[in-house]
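Q: turn this into a model:
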Amino acid sequence: WGRRWNYLVHSGLKNGAYKPVRKFTSSAMAGSFAAFIASGLLHEWLIVMIFEPARLGGDPNQRSFSIRNGGSLVFFLWQAMGIVVEGMIKDSKASHLFSKSLPRVIKSLVVVALGIPFAHYFEEPYVQSNFFQEGMIGLVTIVKR
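A: You can find the predicted model right below:
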């Protein structure tokens, strides 16, 4: 997933979080968990840099919403827990049955469905700030009119 999504971020998280923690703990699972935590912290930093103009010397009255910090970290911790659970059950009969018998599209839908309970934590600052409305100028978007 990481290699397909963003090579720069993937390599930074792999070399900066996963490998050092795996070397220190001898645990791939601990390394994966560290990479997800690092990703959550990176996203928290990005949200502060994008949405908190007062910290950048801008006008704090410009913002019409309040940021609740920690949402991205919670979202990525949820993802990390999923990786831990997957690692714990990957050798079970149920896991083998699931991976062999279900079509790829169903497995993908299950993965997406497992992310839904905490997705709002990740998306909240972007939605509240009208980021998608105002950011359409610089982003390729498809919208239904």
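
Q: tell me, how many residues neighbour residue 116?
A: By the criterion of other C-beta atoms under 10 Å, residue 116 has 8 neighbours. Backbone N, C-alpha and C define where each C-beta goes, glycine included.

Q: sorry, that was for residue 93
A: 8.

Q: okay, it: pLDDT?
A: Looking at residue 93, its pLDDT reads 81.

Q: now do the contacts for it.
A: For residue 93, no residue counts as a contact, taking C-beta atoms under 8 Å, 6 or more residues apart in numbering as the criterion.

Q: start the count at 11, not 1, going forward
A: Noted, 11 is the first residue going forward, which turns the last one into residue 103.

Q: next, find the distance separating it from residue 39.
A: For residue 103, the distance to residue 39 (C-beta to C-beta, to the nearest Å) stands at 21 Å.

Q: next: residue 134.
A: The spacing between residue 134 and residue 39, counted by C-beta to C-beta, is 29 Å.

Q: those helices in the chain, which residues are they?
A: Secondary structure of the chain, counting by DSSP state H: helices at 12-15, 17-23, 29-35, 38-61, 81-99, 103-111, 114-138, 141-144.

Q: run through this protein and note the low-pLDDT ranges.
A: Low-confidence segments of the chain, defined by pLDDT under 70: 11-15, 62-77, 142-155.

Q: just give me the residue right at the centre of it.
A: residue 86 (4.8 Å; C-alpha atoms, centre = their mean).

Q: quick one: that residue and residue 43 touch, right?
A: No: the pair residue 86 / residue 43 is not scored as a contact, 10.0 Å apart, by C-beta atoms under 8 Å.
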